[in-house]
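Asker: got a sequence here, can you build the structure:
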Amino acid sequence: MKAKTKSILLQAGWLKEGVILTAGVAIAAAAVYFFLVPSQASVSSISGLAMILANFVPLSISAITMILNVALLILGFITCGKAFGGKTVYTGIMLPVFLAVFEKAFPNYESMTGSAELDVLCYILLVSVGLSILFNRNASSGGLDIVAKIMNKYLHMDLGKAMSLSGMCVALSSALVYDKKIVILSILGTFFNGMILDYFIFGQNIKRRVCIITEKEEELRDFILHDLHSGATIYEAIGAYNMGKRREIITIVNKSEYQKLMNFITHTDAEAFITVYTVSDVRYRPKTIHGKAEERNNRANG
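Answerer: Residues are numbered from 1 along each chain as shown. Here you go, the predicted model:
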């Protein structure tokens, strides 16, 4: 019975993951077809390169995108192994599939805004939402992400710089087909696309490192552990003025937890000394009470 329940939960988890990934790809594909293609700008994507190649190859943008994505996926597996996983394969193939659906449903689609500049702006905002969904689920849309990872592995280039470099190459290639205005728009679009994508990806995960020296140490420690369900580290600090020893509590909290923590400190010890730092990434292995007890038992039996 337990095995059956576990199997059902596992299937439900995979189904939920598939729905989220599909939604992210659909949003990215909609951004490409409804805004990037009408603008004719080549903004940091395989789809942008496909738009340029469509002027020389008698194939649709979705077909060229599919060919490029499959070729890059194969190259990625050969050069970087299986690290890309099934998610990247799925999303890399689904992107051109959605483009093909949009091409059939909305043939000869023209600009919604009538302005290339507004189309690029709308594309950047919409595609950033879609890609942030994929990146935050440990997936990607394939394409230039794979190129950047290959450059990162073999050229030892920072992943962000590799993404920018490959994106700029695509943007500059628009000079083969379009006029100066579109080339400049492609370059600016690539630059701002990277900035906004960083905000959507990392801005959602930003946490705060709060360092507190307070007379109400026990109350604060209890609040962090049992009300915020977070962790904390306590250091011994020595004041430079009178060399007095105090204990400093350091905890990392998200936005909502930060507000609760500040409210608690304000009500319990308005004289507390607090410093706050921005943290963009936190990696750790969560500990539970059960896990701690088991660890102690293992040590005792060892």
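
Asker: which residues are contacting the host helix or strand of Ile234?
Answerer: Secondary structure assignment for Ile234, by DSSP states H and E: strand 233-238. Contacts to strand 233-238, defined as CB atoms under 8 Å, 6 or more residues apart in numbering, come from residues Ile213, Glu217, Arg221, Gly244, Lys245, Arg246, Arg247, Glu248, Ile249, Ile250, Thr251. For the C-beta atoms, the positions are set from N, CA and C on the backbone; glycine is no exception.

Asker: adding distance to Ser164, neighbour count and pLDDT, write those out as TSV.
Answerer: As requested, the contacts of strand 233-238 are exported to TSV (distance: CB to CB, whole Å; neighbours: other CB atoms under 10 Å; pLDDT from 0 to 100):
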residue	distance to Ser164	neighbour count	pLDDT
Ile213	42	18	93
Glu217	46	17	91
Arg221	44	17	93
Gly244	50	9	85
Lys245	48	8	87
Arg246	45	14	88
Arg247	44	13	91
Glu248	39	16	94
Ile249	40	18	94
Ile250	34	15	94
Thr251	35	24	94
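
Asker: need the max-distance pair from those.
Answerer: Within the contacts of strand 233-238, two members stand farthest from each other by CB to CB: Gly244 and Thr251, at 22.7 Å.

Asker: okay, Glu294: pLDDT?
Answerer: Residue-level confidence at Glu294 comes out at 48, pLDDT.

Asker: what of Gln204?
Answerer: 60.

Asker: ok, the one 4 residues further on next?
Answerer: According to the prediction, Arg208 has pLDDT 90.

Asker: surely it and Ile250 touch.
Answerer: No. With contacts counted by CB atoms under 8 Å, Arg208 stays clear of Ile250, the gap being 11.0 Å.

Asker: if we can go back for a sec, neighbouring contacts of the helix or strand just after the strand holding Ile234?
Answerer: Later in the chain than strand 233-238, the nearest helix or strand by DSSP H and E is strand 245-253. If you take CB under 8 Å, 6+ apart as the criterion, strand 245-253 is touched by 207-214, 217, 220-221, 224, 228, 230-239, 261, 279, 282.

Asker: apply 7 Å and report the result again.
Answerer: 207-213, 217, 220-221, 224, 228, 230-239, 261, 279, 282 (CB atoms under 7 Å, 6 or more residues apart in numbering).

Asker: could you list the paired strands of that strand along with their orientation?
Answerer: Here strand 245-253 is paired, per DSSP bridges, with strand 207-213 (antiparallel), strand 233-238 (antiparallel).

Asker: residues making contact with the helix or strand that the longest one is followed by?
Answerer: When you say that, I think you mean strand 207-213. Per DSSP H and E, the first helix or strand lying C-terminal to strand 207-213 is helix 217-222. Residues outside helix 217-222 that contact it (CB under 7 Å, 6+ apart): Ile212, Thr214, Ala232, Arg247, Ile249, Ile265, Thr268.

Asker: need the buried ones from the residues you listed selected in PyMOL.
Answerer: Here is the PyMOL command that picks out the buried ones among the contacts of helix 217-222, judged by 16 or more other CB atoms under 10 Å:
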select buried, resi 212+214+232+249+265
